[in-house]
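S.K.: need a 3D model of the following:
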Amino acid sequence: MIRDVVIIGGGLTGVMAARTLNENGVEDVLVIDKGKSLGGRMATRRIGEGRVDHGAQFFTVRTKLFQSFVEEWEQNGYVSKWFGKTYSRYKSNDGMNNLVKKLGENLQVMLNTKIINIHKAEDHYLLLTECNTRISSKAVILTAPVPQSTDLIKNLKIDHTLDGMLARITYNPCFVLLASLTNSSHLPETGFLNENLPDGVDRIVDHKKKGISNFTILSIYTTGKWAKDHNHLEDHEIETLLLDKLTSSLQKQNIVELQLKRWRYSEAVSTIKQPYLDLEQIFPLFLAGDVFLHKDDRSGKTRIESAFLSGVAVGEEMARRLKG
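M.R.: Residues are numbered from 1 along each chain as shown. Reported below is the predicted structural model:
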């Protein structure tokens, strides 16, 4: 069976690309993700009876298109305003991951499947999985972080200009220490703190105060530089260093459980000023994701909104290409 479109990556970009394709009459669309659920960096996990976001914590709205969707999500009870004055910070009411799951409910999805290579066949693409199975598709959209996506297409001939553009995209890593506590935290009422923190700590979130957990669980994010400088250390060593930095607000005797999440591709250092990239192959092959911004994007930064807009744009273009 040859699929019409395979989308690699089940984050917000991939899910919105699939939804957009379906809405434009392209129904044979398969979303593949190596994880156990949709969401990508909109990640949520349970620790005991509590819930904690350990990737993106919120999103803002700058465009009319995204605003129209967010208003619908609010009406459906998926999201709500969390804090912020100039730009409201929105949270997903049951964890950031849940929003992507809701959006992907009617999609064809294949989870726990890692694609390791993409080849051209006579009239389609062959996608090879880690388990040595093959998936065939007339067209492919890659939505994983750029280094992961380019690694999948290393056997294809890509124009050197496009190749150079992609090679310049690098990412900062991030460590997220997750700590469940027996007591309440000293964070502000919003549960969000990103000021006057120790060197190397970017922000701290209390998920009980955020309103998504019945128990106090903190997520403590490092800066990209600190993560780079300490990437060689074992998890327990990183945990110890971070706890030592936070002795004034986090007493070891109050900690029930610790977990550490390493994000290798947390945030792109640079961006590409177009909402997707056509790799100019005989069969449609596009790259999309939060790093691909519209030309009139005034923020200039990767964010959940840019991931959403990229997914919609690449879905529309792929539908047009397949129908044309």
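S.K.: how close does residue 162 get to residue 118?
M.R.: Separation of residue 162 from residue 118 (C-beta to C-beta, to the nearest Å): 15 Å. All C-beta spots, glycine's among them, are computed from the backbone N, C-alpha and C.
S.K.: neighbour count: these two, which is higher?
M.R.: Neighbours per residue, other C-beta atoms under 10 Å: of residue 162 and residue 118, the larger number sits with residue 118, 23 against 15.
S.K.: please, which helix or strand holds that one?
M.R.: Element membership for residue 118 (DSSP states H and E) is strand 115-120.
S.K.: which SSE is immediately downstream of that strand?
M.R.: For strand 115-120, the following helix or strand on the C-terminal side (DSSP H and E) is strand 125-129.
S.K.: just checking, next helix/strand downstream of that next one?
M.R.: Later in the chain than strand 125-129, the nearest helix or strand by DSSP H and E is strand 134-142.
S.K.: list the buried residues in the lowest-mean-pLDDT helix or strand in the chain.
M.R.: Within the chain, no helix or strand scores below helix 160-167, which has a mean of 94 by mean pLDDT, DSSP states H and E. Residues 165, 166 are the ones in helix 160-167 that count as buried (16 or more other C-beta atoms under 10 Å).
S.K.: which residue ranges form the strands in the stretch 201-324 of the chain?
M.R.: 201-206, 217-222, 255-268, 277-278, 285-287 (DSSP state E, counting those that start in this stretch).
S.K.: of all these, which one is nearest residue 191?
M.R.: Of all the strands of the stretch 201-324 of the chain, strand 201-206 sits nearest to residue 191, with 3.8 Å by C-beta to C-beta.
S.K.: which ones are touching residue 19?
M.R.: Residues near residue 19 by C-beta atoms under 8 Å, 6 or more residues apart in numbering: 103, 104, 107, 311, 315.
S.K.: just put those in CSV and tack on neighbour count, pLDDT and distance to residue 88.
M.R.: Shown next, in CSV, are the contacts of residue 19 (neighbours: other C-beta atoms under 10 Å; pLDDT from 0 to 100; distance: C-beta to C-beta, whole Å):
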residue, neighbour count, pLDDT, distance to residue 88
103, 20, 98, 20
104, 22, 98, 25
107, 18, 99, 28
311, 32, 99, 22
315, 30, 99, 26
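S.K.: want to throw the residues you listed into a markdown table with distance to residue 4?
M.R.: Formatted as a markdown table, those follow (distance: C-beta to C-beta, whole Å):
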| residue | distance to residue 4 |
| --- | --- |
| 103 | 20 |
| 104 | 18 |
| 107 | 13 |
| 311 | 17 |
| 315 | 12 |
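S.K.: elements contacting the least confident helix or strand of the chain?
M.R.: helix 146-152, strand 277-278 (3 or more C-beta pairs under 8 Å, 6 or more residues apart in numbering; DSSP states H and E).
S.K.: on that earlier part again, kindly indicate which of the contacts of residue 19 lies nearest residue 188.
M.R.: residue 103 (30.3 Å).
S.K.: so the closest one sits against residue 18, correct?
M.R.: No. With contacts counted by C-beta atoms under 8 Å, residue 103 stays clear of residue 18, the gap being 9.2 Å.
S.K.: so what's the residue nearest to residue 148 when sequence neighbours are not counted up against?
M.R.: Among residues not flanking residue 148 along the chain, residue 265 sits closest, at 7.3 Å (C-beta to C-beta, 6 or more residues apart in numbering). By C-beta under 8 Å, 6+ apart, the residues touching residue 265 are 145, 147, 148, 171, 173.
S.K.: quick one: low-confidence ranges for this structure?
M.R.: Counting by pLDDT under 70, the chain contains no low-confidence range.
S.K.: repeat the analysis, applying 90 as the threshold.
M.R.: Residue ranges of the chain with pLDDT under 90: 85-87, 247-253, 298-299, 324.
S.K.: domain-wise, how is it divided?
M.R.: Following automatic domain parsing, one gets these domains for the chain: 2-38+104-169+270-323, 171-268.
S.K.: how far off centre is the longest one?
M.R.: From the chain centre to the centre of domain 2-38+104-169+270-323 is a distance of 13 Å (C-alpha atoms, centre = their mean, to the nearest Å).
S.K.: straight-line length of that domain, end to end?
M.R.: The straight-line separation of the ends of domain 2-38+104-169+270-323 (C-alpha to C-alpha, to the nearest Å) is 17 Å.
S.K.: same question, the shortest one
M.R.: For domain 171-268, the first and last residues are 4 Å from each other (C-alpha to C-alpha).
S.K.: who's in contact with residue 78?
M.R.: So residue 78 contacts 92, 93, 98, 99, 102 (C-beta under 8 Å, 6+ apart).
S.K.: and those, which two are furthest apart?
M.R.: Farthest pair in these, by C-beta to C-beta: 93 and 102, 10.3 Å.
S.K.: all set, thanks.
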